[in-house]
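Student: Sharing a model prediction with you, sequence too.
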Amino acid sequence: MVDDELWALIEPLLPPWPERSPGPRPVPDRLCLQGILFVLYNDIAWQLLPLELGFGSGQTCWRRLDRWQNAGVFEQLHRVLLAELNAAGELDWSRACVDGSHIRAKKGGADTGPSPVDRRKTGSKHHLICDGRGTPLKVITTAANVNDVTQTLALVDGIPPVAGRPGRPRRRPEALLGDKGYDSNPNRDELRRRRILPVISRKGSPNIKGIGKLRYVVEQTFALLHHFKRLAVRWERRTELHDALVSLACSLICYRRLKKTRP
């Protein structure tokens, strides 16, 4: 269920309906959102969404997801919640962590490819950057055979401007932690140019001492992200719809953390 506090954050972001739209009156947005969340949590096919739940048909919820994705609702929601966490002092900008995780893509589609860890079956890959406490800042979906190192700068530059504190919105962590899959001297130079300290292990050398204890948060965040069963296996052929669900899941992770900070 969508509680009142979460709905108060989402409702202003939704595109309005025309006052004189033809056809029957649309299913209320709040009910459609609950239908989308039901699919996100339980990983059922859209057409199997039970009508008795009162959320409208699966097709109705899918169309609403598409409409909201086109309006950028979920990215805006994620940014709003990041700003709330930043205002509460709950974002750790001293470091950020990056990593990648493979998922099966059952129906193929854009940004899929042979998975190097799943007998070359069709799959995708989630590339994630989180803050030092594991709050997701940005997720990029690519084909499964895309190397982690190619997405380093895209993840860093993809962090949205996060308001909530006096001064300009913040977009850059002080340091970036990565394993040997991110070993690249050109990327290190680019990170330093952005005033970010690269803390990345080198291939053929022992891992940087203590980096594992600092990077565990990114694995924890992946576990939270893929707890939403619809994201553990990709069913959407269109990347933008899959990414909309990813942004919604990131927003829910942020919302839970925000609620813990309040009495």
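Tutor: Perfect, I can see it now.

Student: ok, residue 113 touching residue 146?
Tutor: Yes - counting by CB atoms under 8 Å, residue 146 is a contact partner of residue 113 at 7.3 Å. The way it works is simple: take the backbone N, C-alpha and C, and place the C-beta from them, glycine included.

Student: all strands of the chain, in order?
Tutor: Here the chain has its strands, by DSSP state E, at 96-105, 113-114, 122-131, 136-143, 175-178, 197-200, 233-234.

Student: roughly how far is the fifth one from the heart of the chain?
Tutor: The chain centre lies 19 Å from the centre of strand 175-178; the measure is CA atoms, centre = their mean, to the nearest Å.

Student: Now do the contacts for residue 244.
Tutor: Taking CB atoms under 8 Å, 6 or more residues apart in numbering as the criterion, residue 244 is in contact with 65, 68, 69, 74.

Student: For it, give me the pLDDT.
Tutor: Listed pLDDT for residue 244 reads 97.

Student: Please apply the same query to the one 4 residues further on.
Tutor: pLDDT for residue 248: 97.

Student: Enumerate every residue touching the nearest residue to it once chain neighbours are set aside.
Tutor: Once flanking residues are discounted, residue 248 sits nearest to residue 74: 4.9 Å by CB to CB, 6 or more residues apart in numbering. Neighbouring residues of residue 74 by CB under 8 Å, 6+ apart: 68, 244, 247, 248, 251.

Student: From the chain's centroid, how far away is the helix or strand bottoming out on mean pLDDT in the chain?
Tutor: Every helix and strand of the chain was ranked by mean pLDDT, DSSP states H and E. The lowest is helix 211-225, at a mean of 87. Centre-to-centre, helix 211-225 and its host chain are 14 Å apart (CA atoms, centre = their mean).
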